[in-house]
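Dropping the sequence and predicted coords here.
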Amino acid sequence: MRVVGAGVAGLVVGGIIGYGISLARAPAEVRETVTSYITMAAETVTKTMTVTETMPAKTYVETITKTVTAAGPPAVITPTNKYEEAALRYADQIWPNTAHPTKEDLQSELMWYARASEKYRGATIRCVVEAQPLLNWEGEKLAPMFQDITGINVVWEGTEDAIVMRKAREEAEVKAGVYDLISIDQDMNGFWTWHPGTVTDLTEFMKAHPELVDPYLDLKDNSALSLNCDPNTLHVYNFNDYQKPTCSLYRKDWLTNEKEKSDFRAKYGFELKTPREWWLEALDTGKVEDDWTVEKSLKVAEHFFRPAEGKYGCILGLKAGYGLSYQFNDGVTHVFGLPSPFVKGPPLLGGEVPACRPYSITYGVGYKGKMTLLGASVERGGNMNGPGGGEMFDYVCNKLRRYAPPRSMTISHVEAHIEFTRGDCAFQHHHFCAFVPTLNAPESAVKDVYEFAPLPVSEKYWRPGMARGYWDCEGWIITIGSKNKEAAFLLAQFTWSKAVDVYKNLYGLMPIRWSTIAHPAMLAIDPLCGGLMSLENSVAFKAYMAGTDEAWPEFPAYFEAVYPVVAEGIEKGWTGQKIADEAAKSLDKMLIERGYIT
């Protein structure tokens, strides 16, 4: 049983992972939305929200029960200083966009920060984060809010993701404490596990400082908790405060156009549907070939490839750089069957970590047990250059590239996300869902016409029970050298507190809390964000999500081992299999040089 929120009675997972898992297709069809709470004296109200759906041979039931007990009129909170006054003022600003069921609970949590911070007022904590829309917003909105409530000064530095990674490694090695908090990828979890003493162990910190633990923290409400634990001790290293799943992004208006559908049927002999429709169909039939597949994606790309009309089948980012490594690792390896199926259930729904053995979620690298690395190549016990690996690189580097605009060769994978907003491409097969504000910007040509769906899967190599997407979560580590760990810990909790998580994600749309993902305010904006929130509320979607292997020791070093090989392969026209062979050899070489394998 996984408790998913204060007052939430449970999430029970049953059955075998596969197409038989039920699907929350759209909030209105399967959910009772809790929109009000009774606050009259001496009265208890229980609301039950139930999702029950039967698929062929299997049934999945998700039950969430919320009980609110009111004990008379709300008490009047009288502030005693400017920090408590700020707490109440911000409660007025936030309400009702919060995970708290009552405004009194919201006020209580913010007042707790005003009081718990008393000893640390005047301290200054330095943070470094990736400069992207939500974190920029946090720096502009949440950091000043935290300062006003606590009296703790915050220096907020935004920069490129690669620079943030480098600074995190430098702090781990030098322990200088230049930064107190670093917002870093979950991918680093294995590094902390393999190198103890290089980051603050948050589990031990909370044991030593119980007075600094937010009474509303509710760790099990954090969707990424299991991905950020030491696989051996289950101690937590990172408080993730946002996530962005990998999905397919496409122009729904193009794929639902009646003339396009008629022309497609005449050319290929089957119906053109949206990727989401194909996915739903496969959930009903249990057949991989009915799904949104790699094979179908190539036909869709070919169909819409009309350079003379300024239309292209897909957008890619193939410029040499880190993106030529992580775009494959962060989900595409899954759909070509490189990792083993989940050993003991989906990690986001309570399954054990590491999630996949003997072939790991990271490039199908082979492991013996939890921690013993074997290697990436087939000859060393891995699966990176198995047949699925060869077809994976061929799919992106050769086949999809035929239908992409020429600019795909000169832009990075991240830049391709922005380029999709030009509106001249049918889909992006692999999209980190961090750019909804950009997709919805006034200048975006795809505003109101895009939609999200799961990644396309290989009919030949993917099977139900394998991962199908990357829960790309990031958040706070407290550096081992920080001189302000206590003050830093308060901010690390505050940015994803129940008080503010809904509030900030009505802008950023990257909720980390299960309670925020299911919140009525988030579900209400689902049509405005390409169906992303209903997708994240779907059990069938969540059950296939995973992170980077929790015992993978070298992030981001593997980028350097993989992307130059992929770039060379694209430039020289290598087959996908040759790219896979050379990339696996390069990754093995790195693991040998760093002493992880012999």
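Great, that's in hand.

contacts, neighbours, all on C-alpha from now
Noted.

quick one: low-confidence parts of the stretch 301-450 of the chain?
Counting by pLDDT under 70, the stretch 301-450 of the chain has no low-confidence residues at all.

same thing with the stretch 151-300 of the chain?
The stretch 151-300 of the chain contains no residues with pLDDT under 70.

which residues of it fall in strands?
Counting by DSSP state E, counting those that start in this stretch, the stretch 151-300 of the chain forms strands over residues 153-159, 181-185, 239-251, given from the N-terminal end onward.

May I see those arranged in CSV, with distance to S340 and mean neighbour count as well?
CSV is the format used below for these (distance: least, CA to CA, whole Å; neighbours: other CA atoms under 10 Å):
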stretch, distance to S340, mean neighbour count
strand 153-159, 35, 16
strand 181-185, 23, 25
strand 239-251, 19, 25
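
Distance to Y395 added to the ones you listed, as a markdown table?
Compiled in a markdown table, those are given as follows (distance: least, CA to CA, whole Å):
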| stretch | distance to Y395 |
| --- | --- |
| strand 153-159 | 32 |
| strand 181-185 | 27 |
| strand 239-251 | 15 |
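
Which of these sits closest to W137?
strand 153-159 (10.9 Å; CA to CA).

how far does the closest one sit from the chain's center?
How far strand 153-159 lies from its chain's middle: 23 Å, per CA atoms, centre = their mean, to the nearest Å.

which helices and strands does that strand pack with?
Contact here means 3 or more CA pairs under 8 Å, 6 or more residues apart in numbering; DSSP states H and E; on that basis strand 153-159 packs against strand 124-130, helix 143-150.

Give me the contact list for the next helix or strand after the first one.
The reference is to strand 124-130. If you walk from strand 124-130 toward the C-terminus, the next helix or strand you reach (DSSP states H and E) is helix 133-137. By CA atoms under 8 Å, 6 or more residues apart in numbering, the residues outside helix 133-137 that reach it are V129, G158, A434, F435, P437, K504, Y507, G508, M510.

please redo it, this time with the cut-off set to 6 Å
Residues lying outside helix 133-137 but in contact with it, judged by CA atoms under 6 Å, 6 or more residues apart in numbering, are G508.

burial count for S325?
Taking other CA atoms under 10 Å as the neighbour definition, S325 ends up with a count of 24.

before we move on, the earlier item: in JSON lines: the helices and strands packed on strand 153-159, plus mean neighbour count and distance to A426.
Shown next, in JSON lines, are those (neighbours: other CA atoms under 10 Å; distance: least, CA to CA, whole Å):
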{"stretch": "strand 124-130", "mean neighbour count": "21", "distance to A426": "29"}
{"stretch": "helix 143-150", "mean neighbour count": "21", "distance to A426": "39"}
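
so which of these comes closest to H303?
When those are ranked by distance to H303, counting by CA to CA, first place goes to strand 124-130 at 37.1 Å.

I'd like to know which elements the closest one is packed against.
strand 153-159, strand 181-185 (3 or more CA pairs under 6 Å, 6 or more residues apart in numbering; DSSP states H and E).

change it to 8 Å
The helices and strands touching strand 124-130, judged by 3+ CA pairs under 8 Å, 6+ apart, are strand 153-159, helix 161-174, strand 181-185.

Make CSV from these and add distance to T598 to it.
Formatted as CSV, the helices and strands packed on strand 124-130 follow (distance: least, CA to CA, whole Å):
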stretch, distance to T598
strand 153-159, 37
helix 161-174, 24
strand 181-185, 28
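
Show me the strands in the protein, by range?
Counting by DSSP state E, the segments of the chain that form strands are 43-55, 58-70, 124-130, 153-159, 181-185, 239-251, 312-314, 366-368, 372-375, 425-432, 450-453, 469-478, 545-546.
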